[in-house]
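K.L.:
Pasting a predicted model and its sequence here:
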Amino acid sequence: MKNPFKLLYIGTLILFFVYILFLSDNNVRRHMELSKQIRDIESNLNKINNYIAANHNPGELFSNPSLREQYAREQLNMSKEDEDVFIFVYE
């Protein structure tokens, strides 16, 4: 061991990488979970866009915000963040 500072430097780097990869709030597992959520949301968005394009005139939906909101609420069962939606199913 010629230089004790080199060992200290390498040990500090190893501890830093262990902290960043496994112990911090933004660790690797958290990044993987968030990436999966992003992929799921993008997939859902693509499905919704394909459904809208197949069933409605896109020009009409994009030009009229109230019609777009009505369509999202009725056909796609979407809601605003601060409201509850009840769907009644008649058998």
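P.N.:
Cool, got the structure. This one's a predicted model, so the numbers in the text were calculated from it and none came from an experiment.
K.L.:
Name the spans of the chain whose pLDDT lies under the cut-off.
P.N.:
1-2, 56, 58, 61 (pLDDT under 70).
K.L.:
can you give me the helices for the protein?
P.N.:
Applying DSSP state H to the chain gives helices spanning 4-18, 28-55, 58-63, 65-75.
K.L.:
Present the ones you listed as CSV; the columns should include distance to Val85 and mean neighbour count.
P.N.:
Using the backbone N, CA and C atoms, a C-beta is placed for each residue, glycine as well. Shown next, in CSV, are these (distance: least, C-beta to C-beta, whole Å; neighbours: other C-beta atoms under 10 Å):
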stretch, distance to Val85, mean neighbour count
helix 4-18, 46, 10
helix 28-55, 16, 11
helix 58-63, 20, 11
helix 65-75, 8, 12
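K.L.:
Any chance of those in TSV with distance to Phe86 as columns?
P.N.:
Listed next are those as TSV, based on distance: least, C-beta to C-beta, whole Å:
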stretch	distance to Phe86
helix 4-18	49
helix 28-55	21
helix 58-63	25
helix 65-75	12
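K.L.:
Which one, of those helices, ends up nearest to Glu81?
P.N.:
Proximity to Glu81 (C-beta to C-beta) singles out helix 65-75 among the helices of the chain, at 13.4 Å.
K.L.:
which residues touch the closest one?
P.N.:
Tyr51, Ile52, Asn55, His56, Glu60, Leu61, Phe62, Met78, Ser79, Val85 (C-beta atoms under 8 Å, 6 or more residues apart in numbering).
K.L.:
That one to helix 28-55, inter-axis angle?
P.N.:
100 degrees (axes from the mean of the first three to the mean of the last three C-alpha atoms, to 10 degrees).
K.L.:
What is the distance between helix 65-75 and the centre of its chain?
P.N.:
Helix 65-75 sits 22 Å away from the centroid of its parent chain (C-alpha atoms, centre = their mean, to the nearest Å).
K.L.:
what do you get for stretch 13-26?
P.N.:
Chain-centre distance of stretch 13-26: 24 Å, with C-alpha atoms, centre = their mean.
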